[in-house]
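> A predicted structure for the sequence below; I have some questions about it.
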Amino acid sequence: MKGIVMEWTLAHPLHDVDDIVEMADSCFGKEADGILTRDRNVFRKNVTIATTVQLFDKGRELIAVCRYPEMPIDHDKYIGGDLLGYCWFDRGGYTTYSNEEISNAKFHHVDLSLSVRQRVKLINQMIDQHILWANAWGIPVICSTSIRSEHDGFMKIHKKRGFSVNGSYAWVKTADAIKGMT
């Protein structure tokens, strides 16, 4: 991705919801087929609500999108702006054997047409955001999971970042993850 600029921003209810719904359903929806009945309108509603709340309460959930910046090619025409990936993290998770709050990753979705190198870079940037967000809001534990049948690469990235990996679960103390970033 040398030389290619990518921009991360907080997801906005007016500008990002449709692209998030499209990527989630078209690229990753089949992972739930046979288990759940997918409904784009339900997902659209939930993403719209969460991104709207995020405008006013940044500590409740984090939904960020990564796009190529829009570049003017003429005074009224633009190129770029394509959604490369998005991540969604929440808080308020707990185990039955601890009072320590957990921030769970709901989604790490990337455009599967990107090169493996680009996808790994985006996932690492998403993990950075999760660590920094959890640290900023005082959440002591971060957890990331996958329902995908092919999750080994995803978990390998987490393991390299210092997460303890058990099957399709990766978790880490936020303080330890922060130390690993410096």
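Everything's here; your move.
> Tell me who's in contact with residue 18.
By CB atoms under 8 Å, 6 or more residues apart in numbering, residue 18 lies in contact with residue 44. Quick note: C-beta positions are derived from backbone N, CA and C, even for glycine.
> low-confidence ranges in the protein?
Low-confidence segments of the chain, defined by pLDDT under 70: 1-4, 70-80, 182.
> Identify the residue nearest the geometric centre of it.
Relative to the mean C-alpha position of the chain, the nearest C-alpha, by CA atoms, centre = their mean, is the one of residue 87, at 1.4 Å.
> Report the contact partners of that residue.
So residue 87 contacts 62-64, 105, 107-109, 126, 129-130 (CB under 8 Å, 6+ apart).
> Go again with 6 Å.
Each residue near residue 87 by CB atoms under 6 Å, 6 or more residues apart in numbering is listed here: 64, 108, 126.
> which element is the last one on?
Using DSSP states H and E, residue 126 maps to helix 116-136.
> Residues contacting that helix, please?
1, 62, 64, 85, 87, 89, 103, 108, 110, 142, 157, 161, 174, 177-178.
> if you set the cut-off to 7 Å instead, what comes out?
Contacts to helix 116-136, defined as CB atoms under 7 Å, 6 or more residues apart in numbering, come from residues 1, 8, 62, 64, 66, 84-85, 87, 89, 103, 105, 108, 110, 142, 154, 157-158, 161, 174, 177-178, 181.
> after it comes which helix or strand?
strand 141-145.
> Report the strands that pair with that next one, each with its relative direction.
Its sheet considered, strand 141-145 pairs with strand 102-110 (parallel), strand 169-173 (antiparallel) by DSSP bridges.
> Redo these as JSON lines? Include distance to residue 42.
Below are the strands paired with strand 141-145 laid out as JSON lines (distance: least, CB to CB, whole Å):
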{"stretch": "strand 102-110", "distance to residue 42": "14"}
{"stretch": "strand 169-173", "distance to residue 42": "26"}
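> I'd like to know which of those strands is closest to residue 56.
Nearest to residue 56 among the strands paired with strand 141-145 is strand 102-110; the distance by CB to CB comes to 19.1 Å.
> Hey, what's the angle from that closest one to helix 116-136? Just curious.
160 degrees (axes from the mean of the first three to the mean of the last three CA atoms, to 10 degrees).
> mind checking how far strand 102-110 is from the chain centre?
Strand 102-110 sits 5 Å away from the centroid of its parent chain (CA atoms, centre = their mean, to the nearest Å).
> same deal with stretch 82-95?
4 Å.
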